[in-house]
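A.B. asks: Build me a model from this:
(chains A and B)
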Amino acid sequence: MIRRPSHRVLSFKETLAKKRTGKDFTLNDSKKRTGVMGYVILIVVLVIMGRLFWLQIVKGGTLGREAIAQIMGENVEISPRGSIVDRDGEELAVSIISKSLYVDPQEMDDNPEQWGRGKQPVRDPRQVAAEKLAPVLGIKEEELHECFANPDRRFVWVKRTLEPEVASQVAEVIKENKLSGFHFQEESKRYYTKNKLAAQVLGFVGTDDKGLEGIEASMDKYIKGKAIKQGNFFDARGNRMGQSGMNEVETPKMNTVYLTIDAKMQFILEKSLDEAIAKTHAASAAAILMNPKTGEILGMANRPTFDPNKFSQAAPEAFMNRSVAIIYEPGSVFKPIMGCAGLMEGVITPTTKFNDLGSIDVGGRRIRNWDGQGLGMVTFTDIIKYSLNTGMASLGLKLGGKRETEYAKKFGFGSPTGSDIPGEEAGILYNPDDMVPSDVATMGIGQGIAVSPLQMLRAICAIANGGELLKPYIVKKVESPDGKILQEGQKQVVRTVITPEVAEEMRGMMEKVVSEGGGKTAQIKGYKIAGKTGTAEKLSPNGGYIPGVYIASFVGFVPSDDPQYAMLIMLDSPKGAFYGSQVSAPIFRDTLQQILVAKGIQPSDSKGLPTVESLQRKDSGPTTLPQLTILDDGKVKLPNLAGYSMRSIAEVLQQGKLALVPRGSGISWQQKPGPGATLSEGDTVEVWFK
Amino acid sequence: MQKRFLFWDNPRDAVLTIVPLLMLLGAVNVFSASFVVAEAMFGSGYHYLGRYVGYGLLGLIGVYFVGWKVNYHKVLGHGQKLFFLMFFLLLAVDLFGKAAKGAQRWLVFGGFSFQPSEFVKLAVIILGARYLGNLMERKTTPHLFKLNVNMAFMEAAVLAVMVLVQPDMGTASIIMGLMIVLYIIAGLPIKEVIVLLGGCFLFAIAAIIKAPYRLNRVLIWLNPWADPQGNGYQAVQSFVSIGSGGWFGNSFGMGTGKFFFLPEAHTDFAFAIFCQEWGFLGAVGLIVMFLILAMAIFRIGQSTTSKEGFLLVAGLNFLIVGQAFANMAMVCGILPVIGVPLSFISYGGTSLLATLGAVGLVVAIYNDEVKLAKKRAASNEIPSWNNIRRPFRPGRWNK
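C.D. replies: Prediction:
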C-alpha cells in the first residue's frame, strides 16, 4: 500500500522540531495544539470539581443551614371570633375568616418576565387595575387609581374583609389581567345573622376584631379571635410553599357565648316595638322580657335600632341599649314598690281605707289623680287598681322620706343592677335628709326618682317571685370548643326585700289592675295577668319637665299566681295618646299573647274556653294538622288554618318560621293572608280565634 | 474507520448517546428549576418543560438532517453569506428587537422569540473554520498584524460589537473567544498568542478603569458575601443552592433555590439547581458526561483529514462543551457572572437549537470522513485511516 506521509500524525517533538526549522504549520500541528488545549480544559474541570467539593462538602453544612434559614418564616393564622348564640344555640353573631385586599403601589409596574417574550402589552397597569377592579369592589375607579398611584406608601388597604365571592372575583381579575402588587390578608369578619335582632345587646366589632359595644365588648376577652403564629416555609416572594411538607396547624375554634336571650321571643319583641313605633310615633322605646324566678333576660329590644352588619352607616344614638342605659321617672309603675313598702312596714293593709278626693295638697303643691276625679272612700287595693295618686301620696307621707328611700334602695334603685349587660345606669334617688314634704308625697307616685327600665322590671320581678331581688343576667354561659364551661350565669339573689305574703298581696292587687282596673287593655282572655301602667312626664336634661312629653310604660307578669314571664314596655314621647294604659298596655298584651302561644303556656282560667284537650279531640288528633307547603325558592304556601287551636296553629307556622299574630282566643276561624298565599321566612300571619 | 471509543463502536455513537442523556437530565432539571416560576408567570408549572421538549425534538430532527443529509463542506462554502445573514439579524435585533431584563436580544416571529446571538456563535465557528481552513490549505499561517489573513477575525469582531451593544458582553466575549481559539488552533505563532492574551488582559484592565462599576463587579465576584442582599445576591444564592446539596443532593424537586431565591434558576444558573438536587456526586457525574462528550468530539476531530473540518470540530467542541464548563465555572464563582448557558441543561430555545445544530455538524463531519475512507478503500489508492493509525509495523513506514 502506498501511504502519503502528510497523513501521518507527527509527534509533539516532531512538531516542535518542524517549528524550529521554520517549516509549515500542518494539520498535525493543529491537532497537537487542540490536545494541549484539552489539558487546559481538564485543569479547569478539576478546578470546578474542587470548587464544588469546597462548596458542597466542606461548606455544605453551613450553606445547607443557610438555605433552610432563608425559607423558614412565621405566618400569622387568625382564628375567627367566637360566636354569640341564643339560649338554644341559635346563631346571632358569627365570624368567618375573610380576605382583605391590600396593594403595594410600588410593585404594580408590569414585569416583562410575567408576559413571556414579546407578549407584554403597552398599558398603564394602575389604570387597568382601577378600571377592572372598580365594578367588583364597588369602589369608584378614580378613588382606586388615586390609591394605586400613591408613590410614597408601600402598604395601602384597598378593601378589608371582602365577601368570599368578591374575593374570588378579585383574584380572578388579578390573574386574568396579570396585575402585580396585590395581596390578600386574612381577617375575621363578623356577621349578624339576624340583622337588627337584639342589635344593642349584641353590639358590634370594630376593626382588628375589637368588640366595641354590647356583649361583643363585654365578652371580648372570651371570643376575640386569636392570632396564632406558626412556622412555615416561604419562598423568596413571601408566599408559603405549597409542598413544604409541614402540617398546617388547625385553626382553633373559639369560645361560644350563650345568651339567655330566646331568639324567638326576641323576634316577637322586635316586631312589637316596630308596630308600636309605627302606631304611636314614639321617639324611642324599650322592651325587656325576663324570667322573674331566675333573673334571666329572655329578650331585650330597643328603638331606635340599627343593623350591626352596617353599624358604620347607623346613627350613634341607635347604639344605646335604652333598656339599661336611660333613666326616667317611672310614674305609676313605681306605685307597687311603694305599696310593698307600706305593707311591709305595716302602715297599711290591702283593705286600709283612704278617702280619695281627687287631689291632695302637700307642702303647697297639689297632687291630682290623672283625671282629677275622686272616688271617695276606697281601699288600698283600689288605690293600686285605679292608680290613685291621692292615696299613694298619703301613703308616701305616712312612710316618710327615709323609709321611702330605704325601700327604693332595697328594691335595687339608685345603683346598677349588677347585671352583665354593659352600659348600665345607676338611677337617681333623693337624699332623704333633703326631702321636703312634697317630695315625700310625690315619691309615692313614682316621681322624684329616676330609674332604668331594667331596674324597674327587676323590682317588679321581686314582687312576682315572692320577694327575692335578683341580679339580672344575659350571659347564660361561655363554652369552650371542647365543651368546658368558662363562665356561667346563675340565679343570684341579691337580697330578700319583701315577705312572700306581702308579695302575694301585691300580686293580687296588680292582677286586679289588669282584670278590673286601669290596665284592662292588657287583658288576655284566659290568662291571669298582673301589671301596672305608668305615665310620667319626661325629665328634661336641663332639669324640670318637658311639657306635653310623656313616657308611657307598662310592666307586668304572667301568670300572676305562678309568674313565668315578666315584661316591661316603655315608650318615650308617643304622639297622640300617651297614657300607659292607652299605648303601652296593648303592646304588652299583643306581645305577651304571641309569647304565650309560642311557648305553649296554657290558659289558667279556661272558664268559657274550650280546653286544649277538647280542642284536640275536636281536631280528631294532631295528625290532621294542616301542613305548610315548602316551595322551591324557600317560600312557603299557607294552608287553610280555620278550625284549630292556637297552639296547633303556632306549631304549624313555626315550621315555616312564620310569626303568629293571634287575635282573640279559642278556635281559629279567619286568617290573613288567606289560604294559598306564599310567604317567606319571618312574615307574620294574623289569625282570629273565637 | 471503525475505531472503538470507550464502550462505543465509534466516537459518533458516543456523541449520539450522551447528547440525548444530557437532554433528559436537562429536561428534568428545567422542570424542577422552573415549575415554581412557570406556575407564577403562566399558571402552568409545565410551561418551560413543554417548550424544552418541543425545542429538543426539533433540534434532534435537526441533528439527523444536518448529520446525514447535509454536506458540511457546502455549508462552509456559504460562510460569507452566513456572515451577512447574521449581520442583518443582529442589525434587526438592535433596531426592532424586544428588550427584556435591560437588554435587547430577541427577535419575535409570530409569538416565538428567537435570540440570534446564540446562532452567531455557531456562525462564527463556521466562517472561522472555512477561512482558516483555506489558509491552512494554502499553507499560510495567520498572523495578528497582517490584515490580509485576518478577515475572519474582523468579521467576528463586527458581529461581537453588534452583540455588545445589545448589551450582551458575555456573548460578545464568547464570540471573540471562539474565534481566538480557532486562530490559535490554526497556527497563530506562539509569541502572537501570548501577545493576544496579554492584549485581552490589558483590554479588560482598561475596561475596568474606564467604567468603575466593572471593578465593583470584579470585587463582588471575588467576594460576593460582602453584599449578599445586593450585588452579591445572585452569586451568594448560587453558592447556597449548590452548597445545600451536599454529597447526595436534596432529591428531585426538593431544592429551595428555585423558589424565587436564585435568579435565572432555570436558565444561566440551572447548574446550581442541579447541584442542589443531585448533590456533589451528581454534579461530578454530569461533568464526567461532558468530559466524555468532549473526548468523543475531540476523537472525531483528531481523525478528520479535512483541515476546515478539523477546525470546525474543534470550534464546535468549544461551543458545546467549552461553553458548558465556562457556565459551571461561572455558577460556582470561579469566573465572574457572564451570560453563558449550560448546554442541554439551561433552558433556552435558541441556544438548544444552536447547540444541537453544532452536534449535527459534528456528526456530519464524522459521517463525511467515513464516506471518504470508504471511497479511499474502494479505490484502493488512498489508504484508510485505520491502516495508518494501526500500531507500528516495522519496515513499512521507513520504506
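
A.B. asks: In contact with the residue in chain A positioned nearest to chain B, which residues?
C.D. replies: At 2.5 Å from chain B, A:Leu63 is the closest residue in chain A, using C-beta to the nearest C-beta. Every residue, glycine included, has its C-beta placed from N, CA and C. Counting by C-beta atoms under 8 Å, 6 or more residues apart in numbering or on different chains, A:Leu63 touches A:55, B:239-240, B:242-244.

A.B. asks: Let me know the next secondary structure element after the helix or strand bottoming out on mean pLDDT in chain A.
C.D. replies: One helix or strand of chain A scores below all others by mean pLDDT, DSSP states H and E: helix A:612-618, with a mean of 44. For helix A:612-618, the succeeding helix or strand toward the C-terminus, using DSSP states H and E, is strand A:629-630.

A.B. asks: what lines up beside that next one in the sheet?
C.D. replies: Its sheet considered, strand A:629-630 pairs with strand A:636-637 (antiparallel) by DSSP bridges.

A.B. asks: Residues contacting the next helix-or-strand element following the partner strand, please?
C.D. replies: Proceeding C-terminally, strand A:636-637 gives way to helix A:646-655 as the next helix or strand, assigned by DSSP H and E. Applying C-beta under 8 Å, 6+ apart, the contact partners of helix A:646-655 are A:597-598, A:600, A:602, A:612, A:615-616, A:619, A:622, A:625-628, A:639, A:641, A:644, A:659-660, A:662, A:665-666, A:668, A:685, A:687, A:689.

A.B. asks: and the residue lying closest to A:Gly38 once chain neighbours are set aside, which of the three is it?
C.D. replies: If the residues on either side of it in the chain are set aside, A:Gly38 comes closest to B:Phe298, at 6.0 Å by C-beta to C-beta, 6 or more residues apart in numbering or on different chains. Classification of B:Phe298 by DSSP: H, G, I helix; E, B strand; the rest coil places it in helix.

A.B. asks: Near chain A, which residues of the stretch 101-250 of chain B are found?
C.D. replies: Contacts of the stretch 101-250 of chain B with chain A, taken as C-beta under 8 Å from any C-beta of the partner chain, map to B:101, B:106, B:108, B:111, B:113, B:136, B:139, B:141, B:181, B:184-187, B:239-247.

A.B. asks: Show me what counts as buried in stretch A:221-238.
C.D. replies: For stretch A:221-238, burial by neighbour count (16 or more other C-beta atoms under 10 Å in any protein chain shown) applies to A:222-226, A:232-236.

A.B. asks: Same question for stretch A:536-546.
C.D. replies: A:536-539.

A.B. asks: roughly how far is that stretch from the heart of the chain?
C.D. replies: Using C-alpha atoms, centre = their mean, to the nearest Å, the mean C-alpha position of stretch A:536-546 is found 32 Å from that of the whole chain.

A.B. asks: what residues are up against the spatially most central residue of chain A?
C.D. replies: The residue lying closest to the centre of chain A (C-alpha atoms, centre = their mean) is A:Leu202, at 3.0 Å. A:Leu202 makes contacts with A:84, A:92-93, A:192, A:214-216, A:308, as judged by C-beta under 8 Å, 6+ apart.

A.B. asks: let's see it at 6 Å
C.D. replies: A:84, A:92-93, A:214-215 (C-beta atoms under 6 Å, 6 or more residues apart in numbering or on different chains).

A.B. asks: Quick check: strands, which of those are part of them?
C.D. replies: A:84, A:92-93 (DSSP state E).

A.B. asks: Buried subset of the residues of the stretch 101-250 of chain B next to chain A as a ChimeraX selection?
C.D. replies: Restricted to buried positions by 16+ other C-beta under 10 Å, the ChimeraX selection for these reads:
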select /B:106,113,136,141,181,184,185,186,187,239,240,241,242,243,244,245,246
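
A.B. asks: Okay, now the unreliable bits of the stretch 201-350 of chain B?
C.D. replies: Residues of the stretch 201-350 of chain B that meet the criterion pLDDT under 70 lie in B:251-253.

A.B. asks: For it, which segments are assigned as helices?
C.D. replies: B:212-222, B:233-244, B:270-302, B:307-317, B:323-331, B:349-379 (DSSP state H, counting those that start in this stretch).

A.B. asks: Need the residues that contact the shortest one.
C.D. replies: If I follow you right, that is helix B:323-331. Applying C-beta under 6 Å, 6+ apart, the contact partners of helix B:323-331 are A:44, A:48, B:238, B:269, B:271-272, B:290, B:335, B:337, B:340, B:342-343.

A.B. asks: before we move on, the earlier item: same list (the contacts of A:Leu63) but as JSON lines, adding distance to B:Ile61.
C.D. replies: Shown next, in JSON lines, are the contacts of A:Leu63 (distance: C-beta to C-beta, whole Å):
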{"residue": "A:Leu55", "distance to B:Ile61": "38"}
{"residue": "B:Phe239", "distance to B:Ile61": "39"}
{"residue": "B:Val240", "distance to B:Ile61": "39"}
{"residue": "B:Ile242", "distance to B:Ile61": "34"}
{"residue": "B:Gly243", "distance to B:Ile61": "39"}
{"residue": "B:Ser244", "distance to B:Ile61": "38"}
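
A.B. asks: What residue in chain B comes nearest to chain A?
C.D. replies: Per C-beta to the nearest C-beta, B:Gly243 is where chain B lies closest to chain A, at 2.5 Å.

A.B. asks: quick one: that residue and A:Val58 touch, right?
C.D. replies: No - B:Gly243 lies out of contact with A:Val58 (C-beta atoms under 6 Å); the separation is 9.0 Å.

A.B. asks: Quick check: residues of the stretch 201-350 of chain A near chain B?
C.D. replies: A:235-237 (C-beta under 6 Å from any C-beta of the partner chain).

A.B. asks: Keep only those of these that are in strands.
C.D. replies: Reading strands off those, I find no matches (DSSP E).

A.B. asks: which parts of the strand or helix carrying B:Leu127 are buried?
C.D. replies: Element membership for B:Leu127 (DSSP H and E) is helix B:116-137. Neighbour-count burial for helix B:116-137, with 16+ other C-beta under 10 Å as criterion, is recorded at B:116-136.

A.B. asks: could you give the angle of that helix to helix B:323-331?
C.D. replies: 130 degrees (axes from the mean of the first three to the mean of the last three C-alpha atoms, to 10 degrees).

A.B. asks: Which elements pack onto helix B:116-137?
C.D. replies: If you count contacts as 3 or more C-beta pairs under 6 Å, 6 or more residues apart in numbering or on different chains; DSSP states H and E, helix B:116-137 packs onto helix B:79-96, helix B:151-164, helix B:169-185, helix B:307-317, helix B:349-379.

A.B. asks: and those helices, which is most packed in?
C.D. replies: Highest mean neighbour count of the helices and strands packed on helix B:116-137: helix B:307-317, a mean of 27 (counted as mean count of other C-beta atoms under 10 Å in any protein chain shown).

A.B. asks: and it, what does it pack onto?
C.D. replies: Using 3+ C-beta pairs under 6 Å, 6+ apart: helix B:307-317 touches helix B:116-137, helix B:169-185, helix B:270-302, helix B:349-379.

A.B. asks: Nearest to A:Val103, out of the ones you listed?
C.D. replies: Proximity to A:Val103, assessed across the helices and strands packed on helix B:307-317 by C-beta to C-beta, is greatest for helix B:270-302 (32.0 Å).

A.B. asks: angle of the closest one against helix B:169-185?
C.D. replies: If you take the same axes, to 10 degrees, helix B:270-302 sits at 20 degrees to helix B:169-185.

A.B. asks: how far off helix B:307-317 does helix B:270-302 point, in degrees?
C.D. replies: Relative orientation of helix B:270-302 and helix B:307-317, computed by the same axes, to 10 degrees: 160 degrees.

A.B. asks: Give the buried residues for helix B:270-302.
C.D. replies: For helix B:270-302, a neighbour-count test (16+ other C-beta under 10 Å) marks B:270-280, B:282-284, B:286-287, B:289-302 as buried.

A.B. asks: Report all helices and strands that it contacts.
C.D. replies: By 3+ C-beta pairs under 6 Å, 6+ apart, helix B:270-302 packs against helix A:27-52, helix B:11-42, helix B:233-244, helix B:307-317, helix B:323-331.
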